[in-house]
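**Q** The sequence isn't on hand, but the structure is:
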């Protein structure tokens, strides 16, 4: 049979079945972007291909799924660390001064960073004034996007005084951003078979109850999935208790939000019981361990959610509080943080976080039928790991294999040597094949330099970062 | 003035003073391996140099100090993860079958991995039958070594039955390994101004009280520093309580071990009060966050030790339970684990762990007068970080700098583009300048393949790794 591409000599983690679906030395046939067959090398002669790719000395697996990222915040990488009240006192002095002409170049380079480290599906959660350009960039890059617009109905002004004062709601703002999200859906959902659009009420505390209900209704009418920051910390819980005398998850349950259309981000401040309720209702979770660890010093109850049968993806959140957008980093931190939380090294093993980064992540995003594993009928979103990298050595296949632990605990991202989406190679051995990387890097360097040259010092004078710099600690 | 080397246009973290000692756009003059001057570029004309190095678009800082590593265990990378009782049931089935002809090639490649990620001082803690070859390799590489021999007085047989049974002591074994450590000291201490040798009683539970006293005495006679695994987990505490009815730290205090000659590794199972006592006695700590996190699911009380005035270094421990030997990884994990432990994102900030990796690490190893910062008189152990790497972008110098957070939280190791020890460049842009890397890699690949091809399956049949493989999870 004639196919477009035949990958040969591939030691493969197919991520099918209940484990990692390891297949020794196989061939993978790809045609019109989809996987046609996964078969022993001995049977590969049944296929002839336009392009053959030798995967000897490589580990082959599905591309990583990053369920939750805010790439435009890459403009502020490293500027809001080691600080309490991160969102209001760390991030906001910067994010409230975002301008698309500076943030978009940052976002594009952030996407390049993630792609080179194996991310093939980008769970971008962005703003109405930038998201379409990000979608267009991902399209040009050839990557897969699961995009959400931030629907918000509160002012974005820097907070003065008590950050626990109730925010004033602005339903018009919520309506405008909801409208933008729906427009994005109409235009991009299903585009090139690589884009899906979710509806993104930012969180239960960021708009009125009426607008939360309006969002849920708009999503239901279109069969859209919802992607919501939920129980993302004590700040939110305080708002919810003051306003409704309810915690976030029970409140959203009353509103009918907890169902199989919901992808909840974070659940930092959820109780174990609330996490279990979320799982029981069939909602999915996107866990951003690195972000929540550095921002809040907390480990969300994802393990309780998963033990209760819930499906969880991983997300890198933002470069201004995580700080690198690499799923390999996220896998490692997720495994280690949970071992520490439960004081048990057998909790959250490597294979489990690898599933979160691939097949379980796909399921959590509602894409489990089309991506997340290497099996016939699915899109050929496939990455190759160089087994001659020092971090992947020695390569041991008996008495036990060490592929999965080395990928999760040892790899640093640079081991990814080929990234393919829908059968097309987008990145190979340090080179980006679909976009002009040097130009994108130069634009980011230039625009960020110009932007910060006129950034008002006063606006960050009460941040921890400024204090650290005064003390010669930055 | 004429010098060997002049580094120009260097944004530098000198690590002098109480913070990170940032110096904008400076020149660093190096002669006969030592730093002669750090001065503004405007004054650099006072020096002419054999070799000038342009550090534009680089961040320059002291080389990283890895206070505690067992590189020969790199042979077993990824083979003992996600398991309880790591030492006895995870690691021992492998380490009890170590052979120098296989472990040494693994150790060398592990050292290359660390060097390329910025490690200039190698705190190798190894076995009498390998350590001298490791020293010779480090010498050839041109790196700095602070070496210790494992002095042990218990049998190394795989444990059957209850791992909490008391181990049988073997004073002859302890005497033989003590002798080997002293021989290494006589031969290598002070060698090429790059080697220091410590005395290494493995731990309070691994030899008789008499032999612990003999080790302390032998060290005192020579003015040697001691490097000891201390309170490294519940297994050890159980041994100590059963045998002496005392916990490790009070027991070692009685023996006179807790003083400014002691470098204690781990203190995983120390109480806060014991950690404070250690600091009060002037002993140093080497903290291996990644290792203890993955092995034990614990975060040692290093923050308490530091708050009590103690000086701490970082260590990567071993590739078979950490798993990568990169200090950048260790800095990040140390910061994040402690934020999580104390549920406070301001605990263990980036600048603090960067000091642990450099100047405080040097002090902890007793090398604070000669390395760890960039200042006149010290050895020129210097590394360069590529500021055009995506993980270090954007480069922001105002309103606040982001160098330190990006290096600690975002960098992945590959940003290190030049590594210099005593003024000599050992690694640059992916190339090793003093050893034949391809040959070393090939030898490691060949010897490890051969070794595992005859590794007895029965010996690991009761490990977690074997069970995971049976379940298709490796």
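**A** In hand now; what should we look at? All values reported here derive from a predicted model rather than from experimental measurement.
**Q** switch to C-alpha atoms for all contacts and neighbour counts from now on
**A** Will do.
**Q** Contacts only, for residue A:135.
**A** By CA atoms under 8 Å, 6 or more residues apart in numbering or on different chains, the contact set of residue A:135 is A:145, A:147.
**Q** All the strands of the stretch 251-400 of chain A, residue numbers only.
**A** Along the stretch 251-400 of chain A, counting by DSSP state E, counting those that start in this stretch, strands occupy A:262-266, A:284-287, A:312-314, A:382-386.
**Q** And the contacts of the third one?
**A** In other words, strand A:312-314. Taking CA under 8 Å, 6+ apart as the rule, strand A:312-314 contacts A:65-68, A:284-289, A:302, A:306, A:327, A:330-331, A:356-358, A:360-362, A:364-365.
**Q** Give me the distance from it to the chain's centre.
**A** For strand A:312-314, the distance from its own C-alpha centre to the chain's C-alpha centre is 8 Å (CA atoms, centre = their mean, to the nearest Å).
**Q** For it, what does the pLDDT average out to?
**A** Averaging pLDDT along strand A:312-314 yields 98.
**Q** One more: the last one?
**A** Averaging the model's pLDDT scores along strand A:382-386 yields 99.
**Q** Following it in sequence, what is the next regular element?
**A** Remark: after strand A:382-386, the chain's next helix or strand is helix A:403-405, criterion DSSP states H and E.
**Q** ok, residues contacting that following helix?
**A** With contacts defined as CA under 8 Å, 6+ apart, helix A:403-405 is touched by A:59, A:350, A:351, A:354, A:392, A:395, A:396, B:78, B:79, B:81, B:473, B:474.
**Q** show me what contacts the closest residue to the fourth one other than its chain neighbours?
**A** I take that to be residue A:354. In this structure, residue A:354 finds its nearest non-sequential neighbour in residue A:331, 6.7 Å apart by CA to CA, 6 or more residues apart in numbering or on different chains. Applying CA under 8 Å, 6+ apart to residue A:331 gives the contacts A:314, A:350, A:353, A:354, A:357, A:408.
**Q** need the residues you listed in CSV with neighbour count and distance to residue A:267, can you?
**A** As requested, the contacts of residue A:331 are exported to CSV (neighbours: other CA atoms under 10 Å in any protein chain shown; distance: CA to CA, whole Å):
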residue, neighbour count, distance to residue A:267
A:314, 33, 13
A:350, 25, 22
A:353, 25, 17
A:354, 29, 20
A:357, 27, 18
A:408, 26, 23
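**Q** with those in mind, which one is nearest to chain B?
**A** Nearest to chain B, judged by CA to the nearest CA, of the contacts of residue A:331 is residue A:350 at 7.3 Å.
**Q** pLDDT weak spots in chain A?
**A** By pLDDT under 70, the weakly predicted segments of chain A are A:156-161.
**Q** Residue A:228 looks like it's in a strand, true?
**A** Yes: applying DSSP: H, G, I helix; E, B strand; the rest coil, one finds residue A:228 inside a strand.
**Q** Contacts only, for it.
**A** Residue A:228 neighbours (CA under 8 Å, 6+ apart): A:200, A:201, A:202, A:203, A:262, A:263, A:264, A:265.
**Q** picking up where we left off before, filter the contacts of strand A:312-314 to the buried ones?
**A** A:65-68, A:284-289, A:302, A:306, A:327, A:330-331, A:356-358, A:360-362, A:364-365 (16 or more other CA atoms under 10 Å in any protein chain shown).
**Q** Give me the subset of the residues you listed that lies in helices.
**A** Mapping the buried ones among the contacts of strand A:312-314 onto helices (DSSP state H) picks out A:289, A:302, A:306, A:327, A:330, A:331, A:356, A:357, A:360, A:361, A:362, A:364.
**Q** what's the burial count for residue A:192?
**A** The number of residues packed around residue A:192, counting by other CA atoms under 10 Å in any protein chain shown, is 11.
**Q** scratch that, residue A:121
**A** 28.
**Q** Which residues does residue A:266 form beta bridges with?
**A** Note on residue A:266: beta-bridge partners by DSSP bridges are residue A:230.
**Q** picking that back up, TSV for the contacts of helix A:403-405, including distance to residue A:207?
**A** Formatted as TSV, the contacts of helix A:403-405 follow (distance: CA to CA, whole Å):
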residue	distance to residue A:207
A:59	46
A:350	38
A:351	38
A:354	35
A:392	47
A:395	52
A:396	53
B:78	47
B:79	50
B:81	45
B:473	43
B:474	45
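**Q** Any of these buried? List them.
**A** When these are checked for burial by 16+ other CA under 10 Å, the buried set is A:59, A:350, A:351, A:354, A:392, A:395, A:396, B:78, B:79, B:81, B:473, B:474.
**Q** Enumerate the positions of stretch A:194-207 that are buried.
**A** By 16+ other CA under 10 Å, the buried positions in stretch A:194-207 come out as A:194-207.
**Q** Enumerate the residues of the stretch 201-350 of chain A near chain B.
**A** Contact residues, the stretch 201-350 of chain A versus chain B (CA under 8 Å from any CA of the partner chain): A:293-299, A:322-324, A:336-337, A:339-347, A:349-350.
**Q** Could you identify the buried members of those?
**A** Here, 16+ other CA under 10 Å leaves A:293-299, A:322-324, A:336-337, A:339-341, A:343-347, A:349-350 buried among these.
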